[in-house]
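# need a structure here:
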Amino acid sequence: MEQLLFIYAHSELARAKPPDSELEFWKQFRFTLEGRGQWALEQGMIPSRWVRAKSAQSLFNRIVEDVARIEKMIVKGGSWKRLAAAYMQYENSLDQNYRVDFAHMQSKFLDFLDSPLGQRFLNGAEDGFEPGLRYILVDEYQDTNPVQEAIYFKLGGPPPHNLCVVGDDDQALYRFRGGTVESLINFDRTCKRKWDLAIEPTPLVENYRSHPKIVEWCNNYIESFKLMRKPGARVPGKPPLRAKSSIDGSWPAVGIINAKNTRELAKKFADTIHALTVKNVLNIPSDCVLLMRSTRETRTWAGPYVEALRAQDIPVYNPRSRKYLDQEEVQVALGALLEILDPNPTYATIPNYIQEEADKWRESYKQKATKGKSLLEYVKSARKAIDGADKAAILNTRLQDLLFHVLNQDPFTKWLDDPERTVRLGQLTQLLEAFCSTPIPDHPGLSRGLLKTSKAESGKISWEWRTSFYHTFISLICDLGLNDPEDPDEIYPSEMMPVMTVHQAKGLEFPFVFVGKLDETAEPETSHIMEERFREFRDDPPPNLPSAAERAKQDIVRFYFVAYSRARYALILLARDDRMSPGESDGEYLSLGGRDVKWLGKYVKLL
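Numbers count the residues shown, from 1 in each chain. So this is what the prediction gives:
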């Protein structure tokens, strides 16, 4: 979020009034734009500032992480030259404001390794005080990106090149963040090219997690697609997994629940969880998990399943439902802030849907404030202090101070006994701090959190300040669709059934795994297209790169492989009758694999 705020404020590509000539530039990079940006282009308009900022964030990060050569982009000319200029201006702004983003942390470390001090770090000092590096071990290598690959090979240093990488190309999930599974698939070629060295791979194929039937299913699934058998799709000569778990038994370890529509399917799913509980098959609710690509509680995604679980009185843990701003304590805190800053809301020309959100927050505050005097009295006193301020004055308080004072009143002090509410309010303070700490162009020492009064009217926060607050902070938190914060010390509460994204579940295991929304189709996404577009600006692009369409299909196959391989005792697929069309890789739905599904157990009937 901090990087996005910085780009919004400082990047030429996100400036407030771009010239009409930039329309052609955005048409060239339309694949990076979200829905509203695509619509604007179709209307012959330049996309909104936030849409441009998000696009610039993707483009700038890709330049760094792909180690794309700026000089090649300049030579290419046209929109690529314009992008190169915007990137250099962004880099310059970072330096001027003493900021660094995560992508540049990596590139700066790569540059450091070529410096005299970096060589000392790598090879040690002659006096023996610094030993240097002897062994490099990299885990999860399938999600490495090009700049990270360059770092690892630098760390591998001179002979004997003691670099060991561990990964599973079938579990590559992070292409959308710049990860390139080809780094693992082509690791042997890279070693040969860079070091003239033949590597010695060691297959780690023993599965100590799952019932043998689940292991068999995972092997058959990944190998059933022609596109996964193509050269370059997987590590050459990769052997199948071998079941080594102590788990065994004659129950149907892989099953399917199917129904004619999603609502009926969700009810059967919840009935199954209830039956497993009543029959004491489950020890605790978190013995089960529902995995999907998105856990938003909408009709398309997790909504029907969560509703069906709650109808059975099964508690649900779903922190990534994108409902952070719907939580009572967050709405009351934001509503109190708005009542202090803008008691007669004018909203500074923000879109109607964001105004409606802000009005909901104000209403939540008013409902709570009428029940407890403490919060109401503080808001009134803060308003009175602003009302008495001179025109064009910088007040002796900051936005963060207002929030902390709000949180020191009832009902917030009573909510401190609730850890979930407390963590959410902690996240709100972090979000506000990110906004306040974003440097203002040409005023590096001035904080956005400092409150200024209007030049025209006494007793009002300035129109300019409110415009920045609404357009920057309020618009961003509404548009991002924020998740609840997650406790790093507790992955999920044992007394609740987790509903998780597959990315959340990576590296975890569960006795019972249910996988929903199996009717995804594969279309090239921004990351697939960017890989192709930036390929010509790289010094060593991967050989034989599949097309964007093929990589999109391969990535969905890998996505479901990760989901299926989380299960220990039972894997249950949730499928609509009209979407069960298993077939080869040219079929519409890829998640069931290229095999007949009739042999799968019918869990509802069994229970």
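# hmm, what's the outermost residue in the chain?
residue 127 (45.8 Å; Cα atoms, centre = their mean).
# what separation do you get for that one and residue 119?
15 Å (Cβ to Cβ, to the nearest Å). Any C-beta I mention is one placed from the backbone N, CA and C, and that applies to glycine too.
# now do residue 194
For residue 194, the distance to residue 119 equals 18 Å [Cβ to Cβ].
# now do the helices in the stretch 1-150 of the chain.
Assigned helices in the stretch 1-150 of the chain, in chain order: 2-10, 23-28, 35-42, 49-65, 70-76, 78-96, 102-113, 116-123, 146-156 (criterion: DSSP state H, counting those that start in this stretch).
# now these as JSON lines including distance to residue 271, mean pLDDT and mean neighbour count?
JSON lines is the format used below for the helices of the stretch 1-150 of the chain (distance: least, Cβ to Cβ, whole Å; pLDDT from 0 to 100; neighbours: other Cβ atoms under 10 Å):
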{"stretch": "helix 2-10", "distance to residue 271": "43", "mean pLDDT": "95", "mean neighbour count": "21"}
{"stretch": "helix 23-28", "distance to residue 271": "50", "mean pLDDT": "95", "mean neighbour count": "16"}
{"stretch": "helix 35-42", "distance to residue 271": "36", "mean pLDDT": "91", "mean neighbour count": "14"}
{"stretch": "helix 49-65", "distance to residue 271": "41", "mean pLDDT": "96", "mean neighbour count": "22"}
{"stretch": "helix 70-76", "distance to residue 271": "57", "mean pLDDT": "97", "mean neighbour count": "15"}
{"stretch": "helix 78-96", "distance to residue 271": "54", "mean pLDDT": "97", "mean neighbour count": "17"}
{"stretch": "helix 102-113", "distance to residue 271": "45", "mean pLDDT": "97", "mean neighbour count": "15"}
{"stretch": "helix 116-123", "distance to residue 271": "59", "mean pLDDT": "92", "mean neighbour count": "13"}
{"stretch": "helix 146-156", "distance to residue 271": "46", "mean pLDDT": "96", "mean neighbour count": "20"}
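# looking at those helices, which is closest to residue 347?
Closest to residue 347 of these is helix 49-65 (Cβ to Cβ; 16.1 Å).
# counting contacts, what elements does the closest one pack onto?
In terms of contacts (3 or more Cβ pairs under 8 Å, 6 or more residues apart in numbering; DSSP states H and E), helix 49-65 is packed against helix 2-10, helix 35-42, helix 78-96, helix 102-113, helix 146-156, helix 475-480, helix 526-534.
# hmm, try it at 10 Å
helix 2-10, helix 23-28, helix 35-42, helix 78-96, helix 102-113, helix 146-156, helix 475-480, helix 526-534 (3 or more Cβ pairs under 10 Å, 6 or more residues apart in numbering; DSSP states H and E).
# got these as CSV, with distance to residue 237 columns?
Formatted as CSV, those follow (distance: least, Cβ to Cβ, whole Å):
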stretch, distance to residue 237
helix 2-10, 41
helix 23-28, 41
helix 35-42, 43
helix 78-96, 39
helix 102-113, 31
helix 146-156, 22
helix 475-480, 44
helix 526-534, 25
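# check the gap between residue 468 and residue 351 for me.
Per Cβ to Cβ, residue 468 is found 16 Å from residue 351.
# if you count neighbours, what's buried in stretch 552-567?
Going by neighbour count (16 or more other Cβ atoms under 10 Å), the buried part of stretch 552-567 is 552-567.
# of all these, which comes closest to residue 101?
residue 555 (25.0 Å).
# which one is the closest one nearest to, not counting chain neighbours?
residue 175 (5.9 Å; Cβ to Cβ, 6 or more residues apart in numbering).
# before we move on, back to that, mind pulling the model confidence for the residue farthest from the centre of the chain?
The score at residue 127 is 80. That number is its pLDDT.
# list the contacts of the residue most central in space within the chain.
In the chain, the centroid-proximal residue (Cα atoms, centre = their mean) is residue 177; its distance is 8.0 Å. Contact analysis of residue 177 by Cβ atoms under 10 Å, 6 or more residues apart in numbering lists 61, 65, 143, 145, 503, 527.
# tell me where the stretch 251-400 of the chain has strands.
Remark: strands assigned in the stretch 251-400 of the chain by DSSP state E, counting those that start in this stretch are 254-259, 288-292, 316-317, 394-398.
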